[in-house]
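Q: structure for this input, please:
(chains A, B, C and D)
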Number of protein chains: 4
Amino acid sequence: MIKAGIIGASGYAGNEVLRLLLMHPEVEVTGIGSHSYLGQKVSDLYPSFYQICNLVFEEDDEVIKNADIVFAGLPAGISEKYAKACLDAGKKFIDLGADFRLDSEAEYEKWYGKAYDFKDLHEKQVYGLPELHREEIKNANLIGNPGCYPTTVNLGLYPLLKEHYYKDTKIIVDSASGTTGSGKKLTEDTHFTKTNESYHPYKAGNHRHMPEMEQELSKVAQEKMYVTFVPHLLPVNRGIVSTIYVTLKDDVTLEDVYKTYVDTYKDEQFVRVLPLGKNADLKFVQYTNYCDISLHYDEHDHTLIIASTIDNMVKGTAGQAIQNMNLMFGLKENTGLNFVGPSF
Amino acid sequence: MIKAGIIGASGYAGNEVLRLLLMHPEVEVTGIGSHSYLGQKVSDLYPSFYQICNLVFEEDDEVIKNADIVFAGLPAGISEKYAKACLDAGKKFIDLGADFRLDSEAEYEKWYGKAYDFKDLHEKQVYGLPELHREEIKNANLIGNPGCYPTTVNLGLYPLLKEHYYKDTKIIVDSASGTTGSGKKLTEDTHFTKTNESYHPYKAGNHRHMPEMEQELSKVAQEKMYVTFVPHLLPVNRGIVSTIYVTLKDDVTLEDVYKTYVDTYKDEQFVRVLPLGKNADLKFVQYTNYCDISLHYDEHDHTLIIASTIDNMVKGTAGQAIQNMNLMFGLKENTGLNFVGPSF
Amino acid sequence: MIKAGIIGASGYAGNEVLRLLLMHPEVEVTGIGSHSYLGQKVSDLYPSFYQICNLVFEEDDEVIKNADIVFAGLPAGISEKYAKACLDAGKKFIDLGADFRLDSEAEYEKWYGKAYDFKDLHEKQVYGLPELHREEIKNANLIGNPGCYPTTVNLGLYPLLKEHYYKDTKIIVDSASGTTGSGKKLTEDTHFTKTNESYHPYKAGNHRHMPEMEQELSKVAQEKMYVTFVPHLLPVNRGIVSTIYVTLKDDVTLEDVYKTYVDTYKDEQFVRVLPLGKNADLKFVQYTNYCDISLHYDEHDHTLIIASTIDNMVKGTAGQAIQNMNLMFGLKENTGLNFVGPSF
Amino acid sequence: MIKAGIIGASGYAGNEVLRLLLMHPEVEVTGIGSHSYLGQKVSDLYPSFYQICNLVFEEDDEVIKNADIVFAGLPAGISEKYAKACLDAGKKFIDLGADFRLDSEAEYEKWYGKAYDFKDLHEKQVYGLPELHREEIKNANLIGNPGCYPTTVNLGLYPLLKEHYYKDTKIIVDSASGTTGSGKKLTEDTHFTKTNESYHPYKAGNHRHMPEMEQELSKVAQEKMYVTFVPHLLPVNRGIVSTIYVTLKDDVTLEDVYKTYVDTYKDEQFVRVLPLGKNADLKFVQYTNYCDISLHYDEHDHTLIIASTIDNMVKGTAGQAIQNMNLMFGLKENTGLNFVGPSF
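A: Numbering: from 1, shown residues only, chains lettered A, B, ... in the order given. Here you go, the predicted structure:
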């Protein structure tokens, strides 16, 4: 049994990792950490765990000490020291936050307002999107688990970009996310009476997940790609739909694109390319590790429209982290992740 | 592996049985039946199954022929012939509908407008609430799976009634259910714009689940109990909360009641008696087989208030059916049902 | 034009009074007060007022000075001094909170933890439910505007109690309210991810609105009535449905009751007794000053079921306050309140 | 008093026109038509009208006969004959549907599958977007009331296009609409359990509102503009947000654009340009005739992002129709439309 610890376990990301690990056949959760809830039972904070999980939030050191692998659900900028402690002690570390996602320290500093404290740590980091970086993940000890929005976008564009079907390096990404993406913290914008029956963009053209998208997409395309990214807050709990707009090369048809997508993902369990004519809908990926992709075409101005959807807490966070863990420990990649999603 | 078939599999109840059985380690689903969708793939109707389940809706006879056990999600009044066919062929049958729940044919006829076609079949029927009828279920071949509302009420009142803590045989049950309880059929009342931001009672004092409650409660109390039952439609997908009002005997305290509930259910995995001071919330049982019960007391008029909540599609339908199946086949009762519920 | 001021105007109650007064043909809003948002524009806090209302939150004294009537949306226990200041200055005062609703200081102290500071003020208070106390309201300068839940219950039971159709003085009230009832304050329980797809009782048998119900119902019945009251939090923004259970006298029929209700309310614009067979639904009173009542009967145990629904922010708060103001100033009672409710 | 009739009054568009006209001080609704509900009271179909409106659905001829102006909420393709009948009888006609919106019969036939029956009728049609076509509307007898999506897009882009601030004639429009946009008809996609907690694109790149956008935008720009339009279904009742992406000319700044928008709309009551830094949110236009616009800028690839939001049933349908009616009859344009929107 793999011994897993979670620090920052009182937040939504940590909570979902805990939930999924409790159902994972090869893992024992050996500890959960929290500063704010130290000494409290997780089931007091999250009653769905009542009589299922008796863990009590404890000190981070304790959590790390007892674990083979540590998952961290922390605010931006404070994961490094925990990662260092883990790696120094020969343990593996998966950061659910943004501290190990960006290759460029300058970009990190620009978007997160802070330089790296342990620069060489970042040479070991691997971007944990298994469908694109599987082999590196297998050998990694330090994973930057991808952001939720970038997961939809990177999976949604990968086949197109690797085949260079696009005419223009500028891509529009219009996304909508459920409120779990905003986490546990109480805010005016996630107060029920405000969010309910509401919909609006936020951080339009200025969201931290944009550099992460451009980094990965540019690598695939082998040239600099530009993304205009606008997220919206959706009055649902879980799920992201990203609707992506790309101008196609003149001689590329929707059928070409579709064939490439099906081909590219034919051996990927967790990416489902929907038949042409279907619409990706977050409804059908909720509570699963799937990314569903549907393809559409506006022929009158030769625009490809890609709809890519995930459960932001599963494929967008905890499920993907466990997929990474499975790879890192040599387990079958889908172990503990074969949920059949509810139809309603 | 147990071979399981589902007839009426295109409806919500059948769909949820299918979903849970696909994750059950000891079951193979050998067939699914539907008249309306004959020949279609279930994943066309319910896209969450895409690339997970390739089953095609087929004729009921075919489904029955290939199965050891048949689950039926049919409208009231048409299960009998399928049950008979199964039992005659040495198979087991679990009716998700109401045809095998009532002991009294007269009551059945009063509420469902139809006499029994095969009277002796009903002598073999067992009311499939494992916490109350476990031993009979183990030996049964024909199960009337309880209604969703009665499951909350019967579990919520069982300890109180068996101890005769009530002063009065009249009980008020005020319930609220998510829309999955209304099923797949399109109706004015489940049109999104109508249901959303709405709440209202329906069939107040006149719902078919009432006789089922009175039957079971009267058995426990060993005297005739009277239930006034009013369900309400709730703008959520899943879950029922029943709030139950009983006048306590003068010398019974909340602590007495609480102790009895904890004691009664201490070995029942799927019934959680919440600590005093907590409120049962459908949020924390969704997508699980749990029934959560919280106890409250209005001292100024000596009224016990019991809140009892389940996921109507799991403990209220498919999960309970599988719990019954596990008992009927000698499996561990919780096999395939150990879901850790999402916190959000 | 009546000059109206609102103190505690940044909260939901004050906000809704402001919104309705801005559409009232006989009123000019002369000032709005807030401590937390002093100096800010109301349209910054509530963007629906952008370019419609340029008022800035100012000191309470200023608000009072410029007004003929002051509405107060304050936490329990601090309205008295403002009421005194207004009455001393010859102005009228409508308290949207609970400080002037209870006749008994002992009851007030029991439920709100505080004795009265200005006892003689309370001799002038009038309980502002126009359908029951119209004549006193016309002559009042100090109104305790009713609680939202009690409005549904008192209107829902008034005809029954005045005719003494009940067999038993004990009444069960099961209510469900939208989240605006919890106000602007951010809480764990009104965080979107928690509230959405949730339903649960709170303060079961122990809510502050209970004594207010018993006070008014006992006056109508001319004997002590007992109410067991359990509110639930509903994942909608606006509206309350109270489902009320009363055992009828043996010789009273549903038709008798219905006739009495229709008769009692035939001249009341804002109380609609629905035809028998219909279900009161908060959907159809949202954004209006109506209270809709439907009557149901469980003949097998002789129980009358009354469903009574309002928009908690309109008939439950601001609309009712304006109805009171209209009466106090000799206007037509429905002035500024003739909204035709949206069907969706 | 203007005598107004509504045909197709049982649908959502007709219903909302009726609701608003019942509150209009200068209008008497003289008749409502419906084929499916002929002879029924509108308050039976829509209980919010109970005791407010006693109108009964009657034959279209009767409705037309008694009216000075007729509003038509009919499926595409059948308004022409009613329009002709009205105009021949010297009455005015506002079509809430699509039959009088497109200038080009060829485009109409392409998107709606039908040629015009009465070609010369279309020479008299005026596109009823008051902010762009006010003077023509004043003199019109036949109005094609704009589509809901095009209203957001045409108002959202008008200032930008008339100043030729765009670099490229290709515009991306990503919209999300509440379910009232899908109307009263029961569909799988608007069944509560399906829509709730769901979000997905539909008719991506292939929606009938696209030609209407291109027609109006091209007129403003005085060159052919191209729109890629993808609508999404949002789990709310009312409201559209369109997020619009345009590449700006190199020397145009966000401040230039903002100034132009403020200037352009400074005398338009129903278009509110939000301060820079704010996000348009459908929440704050619901139940009003406002269109709120917020402007955002992604400097790294010089993209302007425009968020434009309306209540699809008011500014998107019924409110706009009444705004047109007011102009056609020489009333103040905002008569009956000065709703202060709810903050929650």
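
Q: output the lengthiest helix in chain A as CSV, restricted to C-alpha atoms.
A: Identified as the longest helix of chain A according to DSSP state H is helix A:148-162. What follows is helix A:148-162 as a C-alpha-only set of coordinates in CSV (Å, rounded to 0.1, in the frame of the first residue of the first chain):
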residue,chain,number,x,y,z
CYS,A,148,-8.1,23.1,-14.3
TYR,A,149,-8.7,25.5,-17.2
PRO,A,150,-5.4,24.6,-18.9
THR,A,151,-6.3,20.9,-18.7
THR,A,152,-9.3,21.5,-20.9
VAL,A,153,-7.4,23.7,-23.3
ASN,A,154,-4.3,21.7,-23.6
LEU,A,155,-6.1,18.4,-24.2
GLY,A,156,-8.6,20.2,-26.5
LEU,A,157,-5.9,21.7,-28.7
TYR,A,158,-3.1,19.1,-28.6
PRO,A,159,-4.0,17.1,-31.7
LEU,A,160,-4.7,20.2,-33.8
LEU,A,161,-1.5,21.9,-32.9
LYS,A,162,0.8,19.0,-33.3
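
Q: packing partners for the very next helix or strand once past it?
A: Remark: after helix A:148-162, the chain's next helix or strand is strand A:170-177, criterion DSSP states H and E. Here strand A:170-177 touches helix A:148-162, strand A:226-233, strand A:240-247, strand D:170-177, strand D:240-247, going by 3 or more Cβ pairs under 8 Å, 6 or more residues apart in numbering or on different chains; DSSP states H and E. (Glycine included, C-beta is placed from N, CA and C.)

Q: contacts for strand A:170-177 next, please.
A: Contact with strand A:170-177 is made by A:148-149, A:152-153, A:157, A:199, A:213, A:217, A:225-234, A:239-246, A:312, D:172, D:174, D:176, D:199, D:232, D:243, D:245, D:247, D:301, D:303, as judged by Cβ atoms under 8 Å, 6 or more residues apart in numbering or on different chains.

Q: residues making contact with whichever helix or strand comes after that strand?
A: Next along the chain after strand A:170-177, taking DSSP H and E as the criterion, comes helix A:192-195. Residues from elsewhere that reach helix A:192-195 (Cβ under 8 Å, 6+ apart): A:179, A:188-189, A:233, A:235, C:12, C:178-180, C:190-192, C:194-196, C:235, C:237, D:283, D:344.

Q: now helix A:192-195: buried residues?
A: A:192-195 (16 or more other Cβ atoms under 10 Å in any protein chain shown).

Q: quick check: A:Pro231 touching A:Tyr202?
A: Yes. A:Pro231 lies in contact with A:Tyr202 (Cβ atoms under 8 Å); the separation is 6.2 Å.

Q: in JSON lines: the helices and strands packed on strand A:170-177, plus mean neighbour count and mean pLDDT.
A: Formatted as JSON lines, the helices and strands packed on strand A:170-177 follow (neighbours: other Cβ atoms under 10 Å in any protein chain shown; pLDDT from 0 to 100):
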{"stretch": "helix A:148-162", "mean neighbour count": "26", "mean pLDDT": "98"}
{"stretch": "strand A:226-233", "mean neighbour count": "24", "mean pLDDT": "98"}
{"stretch": "strand A:240-247", "mean neighbour count": "26", "mean pLDDT": "98"}
{"stretch": "strand D:170-177", "mean neighbour count": "26", "mean pLDDT": "98"}
{"stretch": "strand D:240-247", "mean neighbour count": "26", "mean pLDDT": "98"}
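
Q: could you find the closest non-adjacent residue to A:Pro25?
A: Distances taken as Cβ to Cβ, 6 or more residues apart in numbering or on different chains put A:Gly336 closest to A:Pro25, at 6.2 Å, once the chain neighbours are dropped.

Q: how much space between that neighbour and A:Ala4?
A: Distance, A:Gly336 to A:Ala4, using Cβ to Cβ, to the nearest Å: 11 Å.

Q: quickly list what's touching both of those two.
A: In terms of Cβ under 8 Å, 6+ apart, A:Gly336 and A:Ala4 are both contacted by the residues A:21, A:27.

Q: of the two, which one has the most company?
A: Set A:Gly336 next to A:Ala4 and count neighbours by other Cβ atoms under 10 Å in any protein chain shown: A:Ala4 wins out with 28 against 21.

Q: so who does the nearest residue to A:Lys162 once chain neighbours are set aside touch?
A: Counting by Cβ to Cβ, 6+ apart, the nearest residue to A:Lys162 once its immediate chain neighbours are dropped is A:Val220, at 5.3 Å. In this structure, A:Val220 makes contact with A:132, A:154, A:157-158, A:161-162, judged by Cβ under 8 Å, 6+ apart.

Q: which element is A:Val220 on?
A: Element membership for A:Val220, per DSSP H and E: helix A:209-221.

Q: okay, and A:Pro146 sits in which element?
A: Using DSSP H and E, no helix or strand contains A:Pro146.

Q: spit out the contact partners of it.
A: A:101, A:127-129, A:154, A:212, A:320.

Q: hmm, try it at 10 Å
A: Counting by Cβ atoms under 10 Å, 6 or more residues apart in numbering or on different chains, A:Pro146 touches A:96, A:98, A:101, A:127-130, A:132-133, A:152-155, A:209, A:212-213, A:216, A:315-317, A:320-321, A:324.

Q: and A:Glu268, by the same measure?
A: A:130-131, A:134, A:155, A:291, A:333.

Q: repeat the analysis, applying 8 Å as the threshold.
A: Shown in contact with A:Glu268 (Cβ under 8 Å, 6+ apart): A:Glu131.
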